[in-house]
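*Asks:* pasted the sequence and its predicted model underneath.
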Amino acid sequence: MAADTSNLLYIGAILSVALGAMSLRIIRKNKDLEWNEALAARIICWMFIGKGIQNAAVANMQDTSVDIWQFYAQLSSGLDNLFTGTIIALALIYPVPLLRNEKQVKIGFSIVFGFIVYVMLLEVSGNPYTVFELPGIVYWIAMLCWSTMYLKFRLIDPGNSNDSTDNIAMVSGLFLTLLMGHIWMWWPGMLLQSNYFYFFDLGGGPMTSMTWDYLWNASYTICIVTGIMLLSVEIYQYSKGNGSKLLYLIVPYFILGAIGYIVYSAPETTVSHTRGTNDTLASIWNLLTSQLHFTVMRPMIAMFVLLKFGLFNINEDTKPMAKIMTIILIVVATSAILELIQSIVPINQMISAALLGIIIALGIGWEERSFDRLASNKSNVRVGVGKRWFPNVFISQKTLERLDFICLVYILVIFLISFIVWQTDMLVTVMLERYAEAGGVG
Amino acid sequence: MTSENNIFIDLRSDKRALKHISIFFSVLTVVLLYHATVFFVIMGDDISIKDLEKSFTISFQEIENEDIDTRTIDNGDREVIELEILEGSFDGYDGFGILYIDIEYGETSGQFADPCDSVSADISPTGVNADWQNENNILAGTSSNCEIISLVVYVFPEYNSSTQNVTGESKEFWELLWKNSSYGIGTFHLEVEVNVNQPPTSGIPTIQDDDEEVTITWRSVFFTNNVQEIE
């Protein structure tokens, strides 16, 4: 299954980089955005460019057996730090800016940037995966910012409720889903004390201390509580006739979580598939759920936010590229999902080709109608909401361009650092030290 | 700092929002306490030793299945003798480990001072999913002194009958690794060629050695694994 996981990661990489880069091109042309929207739009683009390269690095790491894995591992780690930074920065300013004046924005963004540099220094000084990196901080800060905004605006006094307050809650919920969706599928494991949740070890064995594992696991717990809160509030609002589309997005994660509990808790079951290899049912399940969330759902949610909430300025000039982006999303995501299913369920290739054609035709047909609806019927988060929630902060065009430049330079620096880590065998040395300390065998 | 500059003041002044946010964070705190209790107390011992890699000893219990095929092969002929292993034929075992093939013959012409014939045998690496690249395989052999030709095909990758000590992973992982019924299913093709060596009396028209009887013994070794954790 490793091959199929890496195939999906490559697909995710192509999707993320393509959508991120094309979105950035469109957004750079849009001079009409409010300061926090302009920043948020750029941050989302860089988040996905970074994630895309990271997906490709992880896929390459899985496919390689020689010591170049250190290059890909460090690249992945460095770009994951970029993802952490972009999510925290995004949570601080969008949909509602928690940073309310120029000084706060400067301090906030400096702290985020400083944190990324600090983690990078920890890693290059031979101290990766230590508690000093504050593992899971991205989930804590995202939860604090977005869940507060979600609760404030989703459960607002009915007299003050309007489309904008619903939209603020919707965007907050969407970003929480984007960040935490894959973790929500583990909710029964956390509540029912399952090994698959409590033994989860991102660093792999003695690479991470028990404290590190606890902090990471605790951050997953807060994500699950956040997910359950969203689900409860959405069900409550639905029962009061104020349902939102967010409910339909969240519910499958929790249903899949319940099914996943049965899969992960069952004795290891081997499943044969058409590639002639055997895999455990758990690994196939993981591929069809968590991996699909990382590689397909995340770009889809981000794309929806960019289109629906007016971060794209769709005009005659930018419309063709925006349409190409949605078509890329439909075609790549559809073919990836079908290819995945075909690798497990023996569907005749002719049938799957025909199915692919039909689904893409329907998807593009849907795109024709829904794109115009999305582009022309943008949702607003500002109208009818008190002005103090959206203070004016002057962010110059030069500052925005500087943000693009910093992100680009950061990615290039990460490539250079990864090369040095590989050449100096830094990760192998750290691994051997930690395995020796743990008394295990490397 | 005015509420215009501080979002916390705004949130604090909204009693309704404050109530909902407080309830959420209270629940979050309770669940985090539950999680910490499970992580450090209820499952703490298991979690703390999960990084210490376990060692296992893997031994194998073998059973041999023998098939015998006797053929008379004419001088200069190359005959293909097959052994077909059907799916499910070793269902009670974890895998097909090794296939031994003995090609046996004697001088059966009955002629005085007739020397042993030359017999060559080779097994083609097709038709069956096996460890054909294993350097311990003996896929071809010849004999011209009536000695037994012994061929060996290692079918299950890395299998060599001996007990192994391994480190890491779980008991289930190693049991699963050493259980696979796809190796060895199919048809093995053994080609045997006979070239007779004529007796010194072969000039006499009635005395001719023009074939040889060859007996092929296929010994299929099936195994079941036994994985034990080393304490």
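*Replies:* Good, I have the coordinates. Given the structure is predicted, the values throughout are model-derived calculations rather than measurements.
*Asks:* residue ranges with poor pLDDT in the chain?
*Replies:* You didn't say which chain, so I picked chain A. Low-confidence regions of chain A, defined by pLDDT under 70, span residues A:1-5, A:65-66, A:267-279, A:343-346, A:366-368, A:370, A:374-375, A:438-442.
*Asks:* nope, chain B
*Replies:* Checking chain B against pLDDT under 70 turns up B:1-4, B:51, B:53, B:107-114, B:199-209, B:231.
*Asks:* which SS class is the residue positioned nearest the centre of it?
*Replies:* If you average the C-alpha coordinates of chain B and look for the closest C-alpha using C-alpha atoms, centre = their mean, you land on B:Phe156, 1.9 Å from that point. On the three-state scheme (DSSP: H, G, I helix; E, B strand; the rest coil), B:Phe156 is labelled coil.
*Asks:* which residues touch it?
*Replies:* B:Phe156 makes contact with B:Gly95, B:Phe96, B:Gly97, B:Ile98, B:Ala130, B:Asp131, B:Trp178, B:Asn180, B:Tyr183, B:Gly184, B:Phe223 under the criterion C-beta atoms under 8 Å, 6 or more residues apart in numbering or on different chains. Yep, even glycine has a C-beta here, placed from its N, CA and C like the rest.
*Asks:* neighbour-wise, give me the winner out of the residues you listed.
*Replies:* Using other C-beta atoms under 10 Å in any protein chain shown as the neighbour criterion, B:Phe96 leads the contacts of B:Phe156 with 27 neighbours.
*Asks:* chain center to the helix or strand containing that one, what's the gap?
*Replies:* Assigned by DSSP states H and E, B:Phe96 belongs to strand B:95-105. The chain centroid and the centroid of strand B:95-105 are separated by 15 Å, computed with C-alpha atoms, centre = their mean, to the nearest Å.
*Asks:* is any part of it close to chain A?
*Replies:* No: with C-beta under 8 Å from any C-beta of the partner chain as the threshold, strand B:95-105 lies outside contact range of chain A, at a closest distance of 12.8 Å.
*Asks:* one step back: pull the most distant pair out of the contacts of B:Phe156.
*Replies:* Between any two of these, the greatest separation by C-beta to C-beta is 15.7 Å, found for B:Ala130 and B:Trp178.
*Asks:* so where do the strands sit in chain B?
*Replies:* Applying DSSP state E to chain B gives strands spanning B:55-74, B:78-85, B:95-105, B:118-124, B:140-143, B:149-154, B:164-167, B:186-195, B:211-230.
*Asks:* for the last one, packing partners?
*Replies:* It refers to strand B:211-230. In this structure, strand B:211-230 packs against strand B:55-74, strand B:78-85, strand B:95-105, helix B:171-177, strand B:186-195, with contacts taken as 3 or more C-beta pairs under 8 Å, 6 or more residues apart in numbering or on different chains; DSSP states H and E.
*Asks:* still on that earlier bit, the strand holding B:Phe96 pairs with which strands, parallel or anti?
*Replies:* Taking DSSP bridges as the criterion, strand B:95-105 pairs within the sheet with strand B:149-154 (antiparallel), strand B:211-230 (antiparallel).
*Asks:* A:Thr429 is nearest to which of those?
*Replies:* Nearest to A:Thr429 among the strands paired with strand B:95-105 is strand B:211-230 (28.3 Å), distances taken as C-beta to C-beta.
*Asks:* now do that closest one: distance to the chain's middle.
*Replies:* Worked out by C-alpha atoms, centre = their mean, strand B:211-230 lies 12 Å from the chain centre.
*Asks:* can you pull the buried residues of the strand or helix carrying A:Met180?
*Replies:* Assigning secondary structure by DSSP H and E places A:Met180 in helix A:163-184. Using 16 or more other C-beta atoms under 10 Å in any protein chain shown as the burial criterion, the residues of helix A:163-184 that qualify are A:164-184.
*Asks:* and chain B, which of its residues are near chain A?
*Replies:* Taking C-beta under 8 Å from any C-beta as the criterion, the neighbours of chain A within chain B are B:3-7, B:10-11, B:14, B:16-17, B:20-21, B:24, B:27-28, B:31-32, B:35-36, B:38-40, B:42-43, B:46-48, B:50-53, B:55, B:167-168, B:172-173, B:176, B:180, B:182.
*Asks:* buried members of the residues you listed into PyMOL, please.
*Replies:* If you want just the buried ones from the residues of chain B next to chain A in PyMOL, going by 16+ other C-beta under 10 Å, the selection is:
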select buried, chain B and resi 7+10+11+14+17+20+21+24+28+31+35+38+39+43+47+50+51+53+176+180
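*Asks:* in helices, which of the residues of chain B next to chain A appear?
*Replies:* Judged by DSSP state H, helices contain the following of the residues of chain B next to chain A: B:7, B:10-11, B:16-17, B:20-21, B:24, B:27-28, B:31-32, B:35-36, B:46-48, B:172-173, B:176.
*Asks:* now do the same contact list for B:Phe188.
*Replies:* Taking C-beta under 8 Å, 6+ apart as the contact definition, B:Phe188 lies against B:Glu82, B:Leu83, B:Glu84, B:Ile85, B:Leu99, B:Ile123, B:Gly127, B:Val128, B:Val153, B:Trp218.
*Asks:* related to what we said a few turns ago, after the helix holding A:Met180, next one along is what?
*Replies:* Using DSSP H and E, the first helix or strand after helix A:163-184 is helix A:187-191.
*Asks:* hmm, whichever helix or strand comes after that following helix touching chain B?
*Replies:* Reading on from helix A:187-191 to the C-terminus, the next helix or strand found by DSSP H and E is helix A:195-198. Yes: residues of helix A:195-198 contacting chain B under C-beta under 8 Å from any C-beta: A:Asn195, A:Tyr198.
*Asks:* just checking, what packs against helix A:195-198?
*Replies:* In terms of contacts (3+ C-beta pairs under 8 Å, 6+ apart), helix A:195-198 is packed against helix A:187-191, helix A:210-239.
*Asks:* who does the last one touch, helix- and strand-wise?
*Replies:* Translated: helix A:210-239. When contacts are defined as 3+ C-beta pairs under 8 Å, 6+ apart, helix A:210-239 sits against helix A:137-142, helix A:148-154, helix A:163-184, helix A:187-191, helix A:195-198, helix A:245-265, helix B:15-37, helix B:44-49.
*Asks:* tell me which helix or strand A:Phe371 sits in.
*Replies:* helix A:349-376.
*Asks:* any chance of a markdown table for the helices and strands packed on helix A:195-198, columns mean neighbour count?
*Replies:* Converted to a markdown table, the helices and strands packed on helix A:195-198 look like this (neighbours: other C-beta atoms under 10 Å in any protein chain shown):
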| stretch | mean neighbour count |
| --- | --- |
| helix A:187-191 | 21 |
| helix A:210-239 | 20 |
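*Asks:* any idea which of these gets closest to A:Leu416?
*Replies:* Shortest distance between A:Leu416 and the helices and strands packed on helix A:195-198, using C-beta to C-beta, is found for helix A:210-239: 26.6 Å.
*Asks:* neighbours of the closest residue to B:Gln164 other than its chain neighbours, how many?
*Replies:* Spatially, and ignoring its direct neighbours in sequence, B:Gln164 is nearest to B:Ile58 (4.7 Å; C-beta to C-beta, 6 or more residues apart in numbering or on different chains). Neighbour count of B:Ile58, defined by other C-beta under 10 Å: 18.
*Asks:* from what I can see B:Ile58 touches B:Ser162, true?
*Replies:* No: applying C-beta atoms under 8 Å, one finds B:Ile58 not in contact with B:Ser162, separated by 9.7 Å.
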